[in-house]
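>>> Fold the following, please.
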Amino acid sequence: MLYQKLKEYIIEHPNVSLGELSSKFGLPSEQIQSLLSVWIEKGSLKKIIPYIECKSGSCGCVKCAFSSLETYVWVG
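Numbering: from 1, shown residues only. Predicted coordinates for the structure are as follows:
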């Protein structure tokens with residue numbers, strides 16, 4: 001049932017972020033990633049991680065928190 005609800009939400013909300021999925025379903029982002037990995041491996045879901053270069057390397061800025069920026073698109 002959870003898989004179906006996740007799928008429907010991702011289809012209805014293209015480029016949905018990991019943070020939004022975590023908030024919507026009340027699960028930690030690691031658990032959401034684990035659930036989504038099945039579809040990613042099958043090629044039904046695409047994970048998009050934007051390329052952002054951090055100039056300082058260890059500044060602690062938001063730009064370095066790539067997991068908060070990753071989004072998902074249903075492709076099949």
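
>>> Specify which residues of the protein, grouped into ranges, have pLDDT under the cut-off.
For the chain, the stretches flagged by pLDDT under 70 are 51-68.

>>> Pick out the residue nearest the middle of it.
Per CA atoms, centre = their mean, the C-alpha nearest to the average position across the chain is that of Leu18, at 3.3 Å.

>>> So that one is in contact with Ile48, correct?
No - with contacts counted by CB atoms under 8 Å, Leu18 stays clear of Ile48, the gap being 10.5 Å. In short, each C-beta sits where N, CA and C put it, glycine included.

>>> who touches both of those two?
Residues touching both Leu18 and Ile48 (CB atoms under 8 Å, 6 or more residues apart in numbering) are 70-72.

>>> remind me, longest helix of this structure?
helix 29-42 (DSSP state H).

>>> got a list of what Val75 touches?
43-46.

>>> could you pull out the strands for the chain?
Counting by DSSP state E, the chain has strands at residues 16-17, 45-48, 71-74.

>>> with the shared contacts of Leu18 and Ile48 in mind, which one is nearest to Val38?
Nearest to Val38 among the shared contacts of Leu18 and Ile48 is Tyr72, at 12.6 Å by CB to CB.
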